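A.B. asks: Here is my input; please provide its structure:
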Amino acid sequence: SNLVVFSSFAECDEVLRHPSSCADRLKSTAAQRSVEEGAQARPFGTPGFLFLDPPDHTRLRRLVSKAFSPKVVKALESDITALVDGLLDKVEQAGEFEVIADLAYPLPVAVICRLLGVPIEDEPKFSWASSLLAQGLDPFIAFTGQPQGFEERLQAGLWLRGYLRELLQQRRAEPADDLMSGLIAVEEAGDQLTEDEIVATCNLLFIAGHETTVNLIANAVLAGFRDLGVPMSRL
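C.D. replies: Below is the predicted model of the structure:
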């Protein structure tokens, strides 16, 4: 099979807007061939709306966006500031700074846990699961079907969805001031998110929100040092 890479904005814009373009992997020839050979169609269950096409994507995105209100995000500001201060305090005490391990990696998963209302003692397991599942975003793994680590990623995905389902049941019984409770309560024109859709949305938030933010923080720090003219040998 061939892997095609579109490297310019113009090419990506044209491909993504093309009528034949789709986000649902099951519509691809490679995925259909794998299913015919006996592979599970959706081993992780209902996909997040990132991997769906209209009208399903349109409906889910509209409902989910209602729970991501500015008020919800603003309420996290003090917690995020405290998290960053705590991480940097440890750096100061250690006398050295490894940007990925000391800041970029632990911060996003901690913020997402607080956003959803995950107890702080469970955060390390979430960090483990999201780091494994993020490997599936690697195009060479996703498109070449490399089996390395698939079973471990499958187990991490099943654990994460099982945990989120239990958390959802707790929030149904006792709503809190967090995103999970907001997703349960959201409604528009009589339409609500199903349990599977809520779990898939929270699952997507962890996978897509963790790894990407790690890279954003690390690359922003690197760009800042380059702007200041710090030699690469000093980093």
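A.B. asks: Only C-alpha atoms from now on, for both contacts and neighbour counts.
C.D. replies: OK.
A.B. asks: Distance from the chain centre to the helix or strand encompassing residue 84, please.
C.D. replies: Using DSSP states H and E, residue 84 maps to helix 77-94. Centroid separation for helix 77-94 versus its chain: 23 Å, with Cα atoms, centre = their mean, to the nearest Å.
A.B. asks: likewise stretch 183-197?
C.D. replies: Per Cα atoms, centre = their mean, the centroid offset for stretch 183-197 relative to its chain is 20 Å.
A.B. asks: Buried residues in that stretch, which are they?
C.D. replies: 183, 184, 186, 192, 193, 197 (16 or more other Cα atoms under 10 Å).
A.B. asks: cool, stretch 77-89 as well?
C.D. replies: 80, 83.
A.B. asks: ok, and what's touching stretch 54-69?
C.D. replies: 49, 50, 179, 182, 183, 186, 187, 188, 192, 193 (Cα atoms under 8 Å, 6 or more residues apart in numbering).
A.B. asks: Recalculate using a threshold of 7 Å.
C.D. replies: With Cα atoms under 7 Å, 6 or more residues apart in numbering as the contact definition, stretch 54-69 has outside contacts at 49, 179, 182, 183, 186, 187.
A.B. asks: Sitting in strands, which of those residues do you find?
C.D. replies: Using DSSP state E, residue 187 are the members of these that sit in strands.
A.B. asks: May I see the contacts of stretch 54-69 arranged in JSON lines, with distance to residue 86 and pLDDT as well?
C.D. replies: Shown next, in JSON lines, are those (distance: Cα to Cα, whole Å; pLDDT from 0 to 100):
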{"residue": "49", "distance to residue 86": "34", "pLDDT": "76"}
{"residue": "179", "distance to residue 86": "24", "pLDDT": "88"}
{"residue": "182", "distance to residue 86": "28", "pLDDT": "90"}
{"residue": "183", "distance to residue 86": "30", "pLDDT": "91"}
{"residue": "186", "distance to residue 86": "34", "pLDDT": "90"}
{"residue": "187", "distance to residue 86": "37", "pLDDT": "81"}
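A.B. asks: remind me, longest helix of the chain?
C.D. replies: Assignment by DSSP state H gives helix 195-227 as the longest helix of the chain.
A.B. asks: Now for residue 74: which residues touch it?
C.D. replies: Applying Cα under 7 Å, 6+ apart, no residues contact residue 74.
A.B. asks: Report pLDDT for it.
C.D. replies: On pLDDT, residue 74 comes in at 85.
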